[in-house]
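S.K.: Turn this into a structure:
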Amino acid sequence: MTRSIKTALAALALALAVAFGAALADGHDSMPATVVDVALENDGFETLVAAVTEADLVATLQGDGPFTVFAPTDDAFAAALEALGLTAEELLASPDLAGILTYHVVPGALMAEDVLAAIEAGMGSATVETVNGATIEVTVEDGMVVLNGTATVIMTDLEAGNGVVHVIDAVILPPTD
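M.R.: Numbering: from 1, shown residues only. Just a heads-up that it's a prediction; the model follows:
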């Protein structure tokens, strides 16, 4: 196993310990029922929840799954809106909203160790297909898992009954035609 993969594993294990430690300290010792519940039960996902609701994806993401959701934080959405020159209202009214959101969802439950194993097997990168149909390139940079060279995974393995959520620090946009 390469040094960068070992470093990434250590960083992911630390993030996982912090995440579960915080959840237990808050009295949340049971697993959320769905990936939507993970977003609802944790601070910092108000924009994501509003977008999923507006795009009429709540019922889908509360389905059987399993799903892997790369969940952008409110700060990630704020940065994306600024970079795109949009308001939150304009984003929520966008006909591209569902496509953007489904680009953050991968079929199956990919735990952090699965992602790292795929990157190692791919000699430094892995490609995963999203529910949207487009792919995401996953790499390790400076010991952190990065999606499409722009979004860093900052918290991993928030388990739900129908999948897993990994928190990211940027919104990733699907490729345009």
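S.K.: By mean pLDDT, point me to the weakest helix or strand of the protein.
M.R.: Within the chain, confidence by mean pLDDT, DSSP states H and E is lowest for helix 3-25 among all helices and strands, at a mean of 38.
S.K.: Quick check: buried residues in the helix or strand just after that one?
M.R.: Sequence-wise, the next helix or strand downstream of helix 3-25 (DSSP states H and E) is helix 35-41. Within helix 35-41, the residues that count as buried by 16 or more other Cβ atoms under 10 Å are 35-39. From N, CA and C alone the C-beta is placed, and that goes for glycine too.
S.K.: Helix or strand: which one has the residue nearest to the spatial centre of the chain?
M.R.: Using Cα atoms, centre = their mean, the residue of the chain that lies closest to the mean C-alpha position is residue 70, 1.0 Å off. Using DSSP H and E, residue 70 maps to strand 67-72.
S.K.: next helix or strand past that strand?
M.R.: For strand 67-72, the following helix or strand on the C-terminal side (DSSP H and E) is helix 74-84.
S.K.: Quick one: mean pLDDT over that following helix.
M.R.: The average pLDDT within helix 74-84 is 96.
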